[in-house]
Each structure stands twice: as structure tokens, then as C-alpha cells.
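1. Predicted model, plus sequence, below.
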Amino acid sequence: MSNQERRPSEERVCTAQHPPPCPDTELLLPREVPLGGPRAMPVLRSLPNKNRRMIGAWCFADVYGPTDLTHQAGMQVPPHPHIGLQTVSWLIQGRIHHRDSLGSDQLVRPGQLSIMTAGHGIAHSERTPRHAPPVLHGAQLWIALPEGDRHGPPAFAHHADLPVLTHPGAHVTVIAGDVDGHTSPARVHTPLMGAQITLAPGADLTLPLDPDFEHGVLALDTPLDLLGHRVDPAALLYLGPGRDEITLSSPHPARLLLIGGTPFTEDLLMWWNLVGRDHDEIVQARADWERDRTGQGTRFAPVPGDDGPALPAPELPTARMRPRPRHR
């Protein structure tokens, strides 16, 4: 998925009857961002946020839909570049057609994971295919690559079969890392986890957590009351390290994403679709994309099968950009 902002920035259980917010939590409210150029589809972005830019190595979180596609084109994101990250595409309803400069051509379905590793540089497109189901609903997340891996070769993997934990009234699909002894086949480069949790009305689910991780709960379709916060759809509740379990419940059917990881210690410079470490690196990657998107270079190869024009990069800010830590 592409960041289409016109001015992209650098980027314990409470037991009282009516509990106040727990002190090691923070509610990250989303903002609406257009996605996809002239036929933009709105998405809600909760990460990066003003004061907290990361949860573990997770550095970006968008929720889109549920959107009725009867009279619109859905997701139409032309070829665009990435460096220094992994993209995690996760669908709840609908279909997305992924193509990239490696030649990958993959139809993404609900409950299946597509994970793309940008490394030194990759280009891809994401489009709602013709004859797709009438509703589109999903999430796109990015994982920052650490210094030792971010200059490596690009890669793409699709995992149709993921571990699923079944509890009374709840299902847990392990997207990345390990959850309660069940491990995703996806390759990641820092200690982290990610899972979709589906709750039946009135179900209570307690899951073990790694106390070295910080975590986040991203509501997908139903407001959640959790640790003294109301977490509306597309909002993200941050949970500080030190927890060894979490209990989730809802009076209504609910789906959410649980993400986490060890705090990322490297300062990042996030601009547009590029995750780097300093101003000059971002400037060079932008210049390489502007050259390569017209077929003049080699860092970002064309995306086979996508005949639409590639996205031009936004103008750089007039001031020199600076890397930033994971939170203020």
C-alpha cells in the first residue's frame, strides 16, 4: 500500500467497576488519509501517530472499509516504491491483486497473508480486481527492517495456511511471530508478533504475552472497552511492556488485530513510502524512483502486468528532514 498524503511527515488488568485508563496505555486515534491518487479511497491511519510512531518494529497501520464497491473502483494503487520495510496485507472481506517488480502476481484473500520485504528497493501495485466481492475491508501494516537487513534484496511471500488457535467463542489467526506456542511461517527480522482475533458475543479470551514486548490492539469493526479505554474501529490502543497476558471480551461480535514486539531502538526517518535513517538516503531513494519509474534505471524495476502509470513522488520538504525515535 502507498502513503498518498500530499505532505507526508517524517515519520495489567484494571479491576475497578469503572476503571480509569491504565497508566501504561495510550489511545492512538486515527486520521483519514486518501489512498490511490485521483480515484482516492479513504483509509484510517493510526500509526505513525503524533506522539507514538512505533509498536515494536510495527511502524504503520491503516484500516480501510468496510466499503461498498457497487459504484466505485475500490483500491486502485498504481506502482510505487518502498525501501527499508516489510508490508503486511491483511483482508477481512474482498480481494486485492498484488503485483510487484519481482514478477509476483498474487490474489490476496481474507485470512491469507501476503508479506513483501522491500530491502534496498522494490515497487508494487495493489488493485481491487474486476469481479471482486462487493465489500472491501482490511488492514495494511508496515514493519521496519533493522540496520542489518534493510539493505538486503527484496522478497515476496504468500501464506495461505496460517496457524489458528480455537478457544470457546474465539479464533486467533497467527499472522506473524508466535502466539501461545503457535508460530507463523512468515519470515520477520526482529522479535515481534501479530494476530487477528475474532470474538463471539460474550466470549472472554485470555492470551499470554511476552513481557519484553510492547503491544497494540487495533479494533477492526466493533468498539472495544479495554483497560479503561473505548477503542473505536481503526483506533489503536498501546500497551506498555511488562504484561504477561491480556484478556479480551465484547458483548458483540468483534474482530481486532493484536500486534507487538521488542521496542525498536533505531531512530527512523519515514517519508512517503520510504523508511530510512537520514535525509540524504531519502533524497537519493526519491531520485532513484523518479528516474526508474520511467524506465531509466535499475533500482526500482517495472511492475509486470500493471499497465497504469506509476505514482510520482511528492515534492521534498524545504527543510532538512531528521530521524525520529519511536515516541516523544
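-> Done, it's in.

2. so who does Phe80 touch?
-> Heads up, residue 80 is His, not Phe. Going by C-beta atoms under 8 Å, 6 or more residues apart in numbering, His80 touches 2, 123-125, 273, 310-311. (Glycine included, C-beta is placed from N, CA and C.)

3. Leu218 now?
-> Applying C-beta under 8 Å, 6+ apart, the residues contacting Leu218 are 46, 61, 63, 139, 234-236, 256-259.

4. Can you list the low-confidence ranges for the stretch 151-300 of the chain?
-> Low-confidence segments of the stretch 151-300 of the chain (pLDDT under 70): none present.

5. What lies in contact with stretch 34-49?
-> By C-beta under 8 Å, 6+ apart, stretch 34-49 touches 1-2, 4-5, 9, 11, 28-33, 53-55, 58-64, 67, 72-78, 140-141, 216, 218, 233-236, 270, 311.

6. Show the buried residues in those.
-> Among the contacts of stretch 34-49, those classed as buried by 16 or more other C-beta atoms under 10 Å are 1-2, 4, 11, 28, 30, 33, 53-55, 58-64, 67, 74-78, 140-141, 216, 218, 233-236, 270, 311.

7. So Cys59 is in contact with Arg53, correct?
-> Yes: using C-beta atoms under 8 Å as the test, Cys59 is close enough to Arg53 to be in contact (6.5 Å).

8. Which residues does the residue lying closest to Ile55 once chain neighbours are set aside form beta bridges with?
-> Using C-beta to C-beta, 6 or more residues apart in numbering and skipping the chain neighbours, the partner closest in space to Ile55 is Gly216 (4.2 Å). Taking DSSP bridges as the rule, Gly216 bridges to Tyr238, Ile259.

9. all numbers from here: first residue = 43
-> Fine by me, first position is 43 from now on; the one you just mentioned is Gly258.

10. give the contact list for Gly258.
-> 70, 89, 97, 100, 103, 278-281, 300-302.

11. Relative to His294, how far out is it?
-> Using C-beta to C-beta, to the nearest Å, one obtains 21 Å as the distance from Gly258 to His294.

12. Counting neighbours, what do you get for the closest residue to Asp334 other than its chain neighbours?
-> For Asp334, ignoring the flanking residues on the chain, the nearest one in space by C-beta to C-beta, 6+ apart is Phe342 at 4.0 Å. For Phe342, the neighbour count with other C-beta atoms under 10 Å is 26.

13. repeat for the one 10 residues further on
-> Other residues within reach of Ala352 by the criterion other C-beta under 10 Å amount to 21.

14. so who does it touch?
-> 120-122, 165, 335-336, 345.

15. Could you confirm it falls within a strand?
-> No: counting by DSSP: H, G, I helix; E, B strand; the rest coil, Ala352 is located in no strand; its state is coil.

16. tell me the pLDDT at it?
-> We have a pLDDT of 95 for Ala352.

17. How about the backbone phi and psi for it?
-> phi -70, psi 160 (degrees, to the nearest 10).

18. Next one: it from Arg95, what distance?
-> 27 Å.

19. Equivalent analysis for Pro176, please.
-> Distance, Pro176 to Arg95, using C-beta to C-beta: 35 Å.

20. and what of Asp274?
-> From Asp274 to Arg95 the distance is 21 Å (C-beta to C-beta).
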